[in-house]
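Q: Quick one, fold the following:
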Amino acid sequence: MPITSQISNDGREITITIKGRFDFNTHQSFREHYESILHPNAKYIIDLSSTDYLDSSALGMMLLLREQVGEDQADIAIIRCRPEIRRILEIVNFNQLFKID
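A: So this is what the prediction gives:
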């Protein structure tokens with residue numbers, strides 16, 4: 001499965017990992033993963049270490065997650081991006097909305 005999620009033992013950190021393509025075809029799966037584990041005050045981590053492609057729908061999905069978990073109060077980090085993915089995120093100024101590691 002291209003998207004997996006994991007909750008830390010204390011329930012305060014939720015990691016969503018995307019493998020392969022992160023595009024419109026993964027919309028439903030991505031949404032199901034975060035909606036099934038929404039937790040107030042949790043830190044969300046989007047692990048893109050195995051993501052080799054993302055498009056504008058993926059950007060929109062990450063914005064929807066941000067909206068769902070509290071907009072400016074949301075604690076969301078995008079981690080382990082490949083250089084080409086990081087470049088896309090920087091071009092669209094996601095570093096203003098998310099922590100990018």
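
Q: and the spatially closest residue to Phe94 that is not a sequence neighbour, what does it touch?
A: Distances taken as C-beta to C-beta, 6 or more residues apart in numbering place Ile100 nearest to Phe94, at 6.6 Å, with adjacent residues excluded. All C-beta atoms are positioned from the backbone trio N, CA, C, and that covers glycine. By C-beta atoms under 8 Å, 6 or more residues apart in numbering, the contact set of Ile100 is 77-79, 81, 86, 89-90, 94.

Q: what helix or strand is His33 on?
A: helix 27-35 (DSSP states H and E).

Q: in this structure, what secondary structure element scores lowest on mean pLDDT?
A: Least confident helix or strand of the chain, by mean pLDDT, DSSP states H and E, is helix 27-35 with a mean of 89.

Q: now the protein, which segments are flagged as low pLDDT?
A: The model of the chain has pLDDT under 70 over residues 1, 40.

Q: So which bits of the longest helix seen in it are buried?
A: Looking across the chain with DSSP state H, the single longest helix is helix 56-68. Within helix 56-68, the residues that count as buried by 16 or more other C-beta atoms under 10 Å are 58, 61-62, 65-66.

Q: Could you list every helix and strand in contact with that helix?
A: strand 13-22, helix 27-35, strand 43-54, strand 75-79 (3 or more C-beta pairs under 8 Å, 6 or more residues apart in numbering; DSSP states H and E).

Q: what would these look like in TSV with distance to Ile7 and mean neighbour count?
A: Shown next, in TSV, are the helices and strands packed on helix 56-68 (distance: least, C-beta to C-beta, whole Å; neighbours: other C-beta atoms under 10 Å):
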stretch	distance to Ile7	mean neighbour count
strand 13-22	5	19
helix 27-35	11	16
strand 43-54	11	19
strand 75-79	15	18
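
Q: got CSV for those, with distance to Ile3 too?
A: Below are the helices and strands packed on helix 56-68 laid out as CSV (distance: least, C-beta to C-beta, whole Å):
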stretch, distance to Ile3
strand 13-22, 5
helix 27-35, 5
strand 43-54, 10
strand 75-79, 14
